[in-house]
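Novice: no FASTA, just this:
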């Protein structure tokens, strides 16, 4: 039988919890007196269903059943986990626990989504205070793995079983070993919030400028390494101590309006440097740099795919470079270097080789980049014109492996107003691992027939095609599948 | 002729600037008295060359030439941009500007990488103070787009030309309109740093726990939206004012040790809510949620591909779910729902349709997930066994479009110890847009020949294959290419 979760409070946070449990196969009962609860809940669920399964490479469990119930007792009786997400008022929360515990099974964890209260404050005169723990999630609860787990007078077995449940619904329980106001993460959020309010109030920056200051820079770093691992790299070969010595003195400078600082001394330096060694010492600084860079390239490409934030900067930069790039391309008889790819763990098959589809992918990344270069981009397509590929021949000559860097180049064999004939090479260390020969026809999309390309496209395509006439014709061009290879 | 950049100070930051300029086609002269400068510089350059081109979909310009020069005058004479990244000592920086300006061309921007000093402090007794601006970048300089541009007594044309140069090398200049210690972003970093030192000092959390508190939660959010846009969403339909009213009172609570807070009043609320409307008002909260979720799924998949940070949590979760997933799969005669994909802007060709290679990609994501499900994963391959696909037949029946959600399902047609025969459907709203029939043979990779799969694989594969015997055989199974379709 499916496990049962009781969700007390069905707002954005409670709804996110409900979605996590439901999509993990739990049955969920929600209690929320808000007359709009059902609509709000279904909106969060819709978002979760549209995103969470994309993170999984296993079959998803069968979704549990959702009930919106009229009383708290109905929600919690028989529940295996109870999650409280009512408004941040201590008296209200205490009253809720009283009611919960008069109907819940003894030994059931009651997790509170509280941002700020400590278990010692939450328990009040609870019948079974040991069941009350903080399980503080982050919005959107159905996607972000972090949950801060702050136990109260909770026995070790109950803490372990709480961690197991949280992991089973895909979360990362961070065990906060000493209770403190606002736990850990929200203390940072609050510090940044306070500083940000000063900046807005003092007219230094607008909310938009502040957001850009975060998401175009350190925000990207923090999605993959935190504060200390990032600074460990910044310290370089000289290490964490060097970083601390360099930036220690700033603690007393007015680099924030928040001046209540800890004393900076050797003891603190040793404590931090030692913890940093334990955390990241298994990697050299060079290794950490490469891990960081690979993660950042991944994030930036995600944003570029979506034309958002830092990714929009990359797109605008490409657009601004177009005319120069065309001019450079026409100035030299050389295949154009258009796509730079690295073979990622997710790209290789179970033989350790790059999967078949990724060769074709690498080729089409190259031809797509060429289309953008000559201006046959989205806007051009939306205006009713496009290139259709009508014939393709592909050859595989090598096996790309995990971590290999691949370069996609393109040579124009022939081009006129109605069609172009191109040759793509996917190179590793200058040697082709795959080639693709393709004929593309320019079409009027609405009419569905070939037509001449617009003059601005031809103005870019023609000089490149001219320059490429000086290039030797690739041996593989014009081959048919199965043709005997020349020595 | 290529433009010339002078880099004064060639450490991690100066080296990052050198890489940005070089890869953007500038010639670069570096002055750094450190005898190790050449080695350090070449390491940063190697990192940059391995990552920055992957962000571009245009041809990269021809890389400029790099000279390490012996005097500052040699570096700056003839330079079109001068970037100073010497240690954070005001007197040193002022002396450097004196030397620079006695050899540089009047009207040349001197950008300082300073984290903390203001232009009014930097200028000292400079000959041409108007040329000295802060251009504060973020490490790694060659990947992160943010640069804080703080002008001093700089004329408007010089500010504009500085912005143009920064954009031309792929950066996002954030114009800081009023100078302030540590500019904008580093004030947040300093606030978090101060709070983090307290947490370590007080024994609340280790550096590793703090990093996890960041990168498993809000750090992911901040890579794509900043503080205010994120909270705008948290406020939900009730908007930014509602959020502020909810969390305003916390300003006076001990949610951080940093208690020097601005006064919370109606004026501040109106100021922030108004700026937030101007920033994000063109999107509804529902739209912002979907943009956020799509970005987060992208980030999390990037990390999962690299088995790092929050992505490792996802992988561990998949692994933990394997046995349950196999059991569920064997309990029902239904194709397994294995891959959940959304068609992204980067996946579509210039006809607005999903590119050919992505259909094959969607199919191989589905079979790969099936391999992981039955335990034929990386570790299995490393131990010397694998499945090779020996024959494939694919059909395209529909055009997937931007934003479409696709589901990859897999049906086992036959399976024994040496081979399996599977049928994959790529569905949109329950209708197949593509199907793939494939035969895979189990091999001993070292010997290079077929051999029986290991018992633990067969224990998972057999019950699923048994269950799937009850499924109707797909019409397309057994088709040859070009075969007439039945009605």
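Specialist: That came through fine. Just so it is clear, the structure is predicted and the values come from calculations on it, not from any experiment. Residues are numbered from 1 along each chain as shown, chains lettered A, B, ... in the order given.

Novice: what about the strands in the stretch 101-250 of chain A?
Specialist: A:109-112, A:132-137, A:146-150, A:172-175 (DSSP state E, counting those that start in this stretch).

Novice: actually the stretch 251-400 of chain A, not the one I typed
Specialist: A:336-342, A:385-396.

Novice: hey, which of these is tucked in deepest?
Specialist: strand A:336-342 (a mean of 22; mean count of other CB atoms under 10 Å in any protein chain shown). Any C-beta I mention is one placed from the backbone N, CA and C, and that applies to glycine too.

Novice: one step back: JSON lines for the strands of the stretch 101-250 of chain A, including mean neighbour count, distance to residue B:309 and mean pLDDT?
Specialist: Formatted as JSON lines, the strands of the stretch 101-250 of chain A follow (neighbours: other CB atoms under 10 Å in any protein chain shown; distance: least, CB to CB, whole Å; pLDDT from 0 to 100):
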{"stretch": "strand A:109-112", "mean neighbour count": "24", "distance to residue B:309": "24", "mean pLDDT": "98"}
{"stretch": "strand A:132-137", "mean neighbour count": "24", "distance to residue B:309": "17", "mean pLDDT": "98"}
{"stretch": "strand A:146-150", "mean neighbour count": "25", "distance to residue B:309": "11", "mean pLDDT": "98"}
{"stretch": "strand A:172-175", "mean neighbour count": "20", "distance to residue B:309": "10", "mean pLDDT": "98"}
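
Novice: of those strands, which is nearest chain B?
Specialist: Proximity to chain B (CB to the nearest CB) singles out strand A:146-150 among the strands of the stretch 101-250 of chain A, at 3.4 Å.

Novice: got the angle for the closest one vs strand A:132-137?
Specialist: 160 degrees (axes from the mean of the first three to the mean of the last three CA atoms, to 10 degrees).

Novice: what about strand A:146-150, distance to the chain center?
Specialist: Remark: strand A:146-150 is offset 20 Å from the chain centroid, using CA atoms, centre = their mean, to the nearest Å.

Novice: could you measure from the residue nearest to residue A:124 when sequence neighbours are not counted over to chain B?
Specialist: Spatially, and ignoring its direct neighbours in sequence, residue A:124 is nearest to residue A:94 (3.6 Å; CB to CB, 6 or more residues apart in numbering or on different chains). Separation of residue A:94 from chain B (CB to the nearest CB, to the nearest Å): 18 Å.

Novice: got the contact list for residue A:94?
Specialist: Residue A:94 is in contact with A:122, A:123, A:124, A:125, A:126, counting by CB atoms under 8 Å, 6 or more residues apart in numbering or on different chains.

Novice: most neighbours of all these, which one?
Specialist: residue A:122 (24 neighbours; other CB atoms under 10 Å in any protein chain shown).

Novice: state the distance from it to residue A:153.
Specialist: 11 Å (CB to CB, to the nearest Å).

Novice: cool, residue A:317 as well?
Specialist: 56 Å.

Novice: neighbour-wise, which of the two wins?
Specialist: Higher neighbour count among residue A:317 and residue A:153: residue A:317, with 22 against 13, using other CB under 10 Å.

Novice: does that one touch residue B:172 like I think?
Specialist: No: with contact defined as CB atoms under 8 Å, residue A:317 does not reach residue B:172; the gap is 9.3 Å.

Novice: which parts of chain A belong to which domain?
Specialist: A:4-175, A:185-289, A:333-468 (automatic domain parsing).

Novice: just put those domains in TSV and tack on distance to residue B:130.
Specialist: Below are the domains of chain A laid out as TSV (distance: least, CB to CB, whole Å):
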stretch	distance to residue B:130
domain A:4-175	46
domain A:185-289	22
domain A:333-468	39
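
Novice: quick revisit: to chain B, which of the strands of the stretch 251-400 of chain A lies closest?
Specialist: Across those (criterion: CB to the nearest CB), the nearest stretch is strand A:336-342, sitting at 4.0 Å.

Novice: what does that closest one contact?
Specialist: Contacting residues not belonging to strand A:336-342 are listed as A:294, A:297, A:329, A:362, A:365-366, A:369-370, A:373, A:403-411, A:464, B:50, B:53-54, B:56-60 [CB under 8 Å, 6+ apart].

Novice: same check on stretch A:256-276?
Specialist: Here stretch A:256-276 has contacts from A:191, A:194-195, A:198, A:228-229, A:232, A:239-241, A:244-245, A:248-249, A:251-252, B:182, B:187-188, B:190-191, B:194, B:197-198, B:200-201, B:206-208, B:256-260, B:262, using CB under 8 Å, 6+ apart.

Novice: right, is stretch A:366-379 up against chain B?
Specialist: Yes: using CB under 8 Å from any CB of the partner chain, stretch A:366-379 reaches chain B at A:368, A:369, A:371, A:372, A:373, A:376, A:377, A:378.

Novice: ditto for stretch A:309-316
Specialist: Yes: under the criterion of CB under 8 Å from any CB, chain B is reached by stretch A:309-316 at A:309, A:310, A:313, A:314, A:316.

Novice: would you mind listing the buried residues in stretch A:200-216?
Specialist: A:200-201, A:204-216 (16 or more other CB atoms under 10 Å in any protein chain shown).

Novice: buried ones in stretch A:83-100?
Specialist: Across stretch A:83-100, burial judged by 16+ other CB under 10 Å covers A:83, A:84, A:85, A:86, A:88, A:93, A:94, A:96, A:97, A:100.

Novice: pLDDT at the first one, what is it?
Specialist: At residue A:83 the predicted local confidence, pLDDT, stands at 98.

Novice: so what pairs up with it in the strands?
Specialist: residue A:7, residue A:111 (DSSP bridges).

Novice: that one: what's it in contact with?
Specialist: Counted by CB under 8 Å, 6+ apart, residue A:83 has contacts A:5, A:6, A:7, A:8, A:14, A:17, A:110, A:111, A:112, A:113, A:135.

Novice: what number of residues lie near whichever residue of the stretch 301-450 of chain A sits closest to chain B?
Specialist: Among all residues of the stretch 301-450 of chain A, residue A:302 sits closest to chain B, at 3.3 Å; criterion: CB to the nearest CB. By the criterion of other CB under 10 Å, residue A:302 has 26 neighbours.

Novice: wait, it sits on residue B:299?
Specialist: Yes: using CB under 8 Å, residue A:302 makes contact with residue B:299 at a distance of 5.9 Å.

Novice: can you narrow the buried residues of stretch A:200-216 down to the ones near chain B?
Specialist: Restricting those to those near chain B - CB under 8 Å from any CB - leaves A:200-201, A:204-216.
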